[in-house]
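Chemist: Okay, structure incoming, though there's no sequence with it:
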Ligand code: GDP
Ligand code: MG
């Protein structure tokens, strides 16, 4: 009889960053529970967990969401300290949120967060294509210039959310092994 080797479990800390109203809490809820709520679940959501199984390893994600501190445009470094992955989120229908994302990047670079933390630039609300103010090209370019990964998602429809989760899982596993 073949013995099945026990699969290793890795704990992965993932943080959500970006301006208020871009859909961070909605994405966290999709990641954690595959739900979408039309009212903002921001308050009270400290973190959610989600288990992702890859062939070699099981990843236990702790998904950290801000509880409104992002209004002051910076969160305590404790929030993202030790994070394996960061999702820097903007809203494709809001030019302002894209500009804010760039201010966040400056803040993160000042705290020298990148390096150990793999960072994704995420254009959320992809379903609002008719109100789009930020092209996918612009998002891609910013990501490329800052050595970030890039995707567009919709927490509303769920589009690209699981793909993003799996991409994070694979890359984090490759990174920390
Ligand atoms: P947060 O402040 O970044 O945590 O944003 P929330 O998750 O609270 O979402 C702010 C608002 O945007 C809420 O009304 C959500 O229902 C809405 N929202 C979030 N994600 C999406 C999305 O992908 N598409 C659309 N159309 N609305 C969204
Ligand atoms: Mg929120």
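Modeler: Thanks, I have the structure now. As the structure is a computational prediction, the values presented were derived from the model and not from experiment. Ligands and ions are numbered 1, 2, ... in the order given.
Chemist: Can you name the next helix or strand after the worst-scoring helix or strand of the chain on mean pLDDT?
Modeler: Here the helix or strand of the chain ranked lowest by mean pLDDT, DSSP states H and E is helix 77-80, holding a mean of 77. For helix 77-80, the succeeding helix or strand toward the C-terminus, using DSSP states H and E, is strand 85-91.
Chemist: chain center to that next one, what's the gap?
Modeler: 4 Å (C-alpha atoms, centre = their mean, to the nearest Å).
Chemist: try stretch 26-36
Modeler: Between the centre of stretch 26-36 and the centre of its chain there are 11 Å (C-alpha atoms, centre = their mean).
Chemist: so how far is ligand 1 from the nearest residue to residue 172 once chain neighbours are set aside?
Modeler: Closest residue to residue 172 apart from its sequence neighbours, by C-beta to C-beta, 6 or more residues apart in numbering: residue 84 at 4.9 Å. (C-beta placed from N, C-alpha, C; glycine too.) According to C-beta to the nearest ligand atom, to the nearest Å, residue 84 stands 21 Å off from ligand 1.
Chemist: Does residue 84 touch residue 174 like I think?
Modeler: No: Residue 84 is beyond contact range of residue 174, at 11.3 Å (criterion: C-beta atoms under 8 Å).
Chemist: Those two: which is more packed in?
Modeler: Taking neighbours as other C-beta atoms under 10 Å, residue 84 and residue 174 compare with residue 84 leading, 22 against 9.
Chemist: which residues sit in contact with the more buried one?
Modeler: Listed by C-beta atoms under 8 Å, 6 or more residues apart in numbering, the contact partners of residue 84 are 12, 13, 14, 116, 117, 118, 172, 175, 176.
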